[in-house]
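Q: no sequence for this one, just the structure:
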């Protein structure tokens, strides 16, 4: 399951679009409100962001609401190569797929449901 964190404010229209997207796609997330939480505001600043929403999916930053990028990150689960332990994304399908690790070139099967 993906870890999703969203830095937001109550008045942000793009945050409302992101919220609808997550509801429609049944995606769980942690919301951090920068307008009422000084710790969240400080974290936002450390990421170099000057506005909201800032969406973080499994450590990857998305500044603003970018549905195409969210689809790309959320619809491809992160797996670990059993040989070299590299992290890679695979498409969600119904069943088992054969994956070749781009780092070590080993082939292995993954259930990508």
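A: Done, it's in. In this text the structure is predicted, and so the values were computed from the model without any measurement. Numbering: from 1, shown residues only.

Q: List the pairing partners of the least confident helix or strand in the chain by mean pLDDT within its sheet, with orientation.
A: Lowest by mean pLDDT, DSSP states H and E among the helices and strands of the chain is strand 87-89, with a mean of 78. For strand 87-89, sheet partners with direction are given as strand 78-80 (antiparallel), following DSSP bridges.

Q: in the strand it pairs with, what counts as buried?
A: 78-79 (16 or more other Cβ atoms under 10 Å). No exception for glycine: its C-beta is placed from N, CA and C like everyone else's.

Q: Now the least confident helix or strand of the chain: buried residues?
A: Buried residues in strand 87-89, counted by 16+ other Cβ under 10 Å: residue 88.

Q: Please enumerate residues in contact with it?
A: With contact meaning Cβ atoms under 8 Å, 6 or more residues apart in numbering, strand 87-89 is reached by 73, 76-81, 99, 101-103.

Q: for stretch 36-52, same thing?
A: 7-9, 12, 14-15, 32-35, 54, 56, 61, 63-64.

Q: Any idea how far it is from the middle of the chain?
A: Stretch 36-52 sits 18 Å away from the centroid of its parent chain (Cα atoms, centre = their mean, to the nearest Å).

Q: Now the terminal residues of it, how far apart.
A: End-to-end span of stretch 36-52 (Cα to Cα, to the nearest Å): 13 Å.

Q: Show the average pLDDT along it.
A: If you average the pLDDT over stretch 36-52, you get 93.

Q: And stretch 57-67, by the same measure?
A: Here the average pLDDT along stretch 57-67 is 92.

Q: Endpoint to endpoint, that stretch covers what distance?
A: 12 Å.

Q: Show me the contact partners of it.
A: Counting by Cβ under 8 Å, 6+ apart, 2-4, 14-15, 17-18, 21, 47, 49, 51, 53-56, 69-70, 73-74, 78 sit against stretch 57-67.

Q: Summarise which helices and strands the very next helix or strand once past the least confident helix or strand of the chain is packed against.
A: Moving toward the C-terminus from strand 87-89, the next helix or strand (DSSP states H and E) is strand 96-100. If you count contacts as 3 or more Cβ pairs under 8 Å, 6 or more residues apart in numbering; DSSP states H and E, strand 96-100 packs onto strand 107-111.
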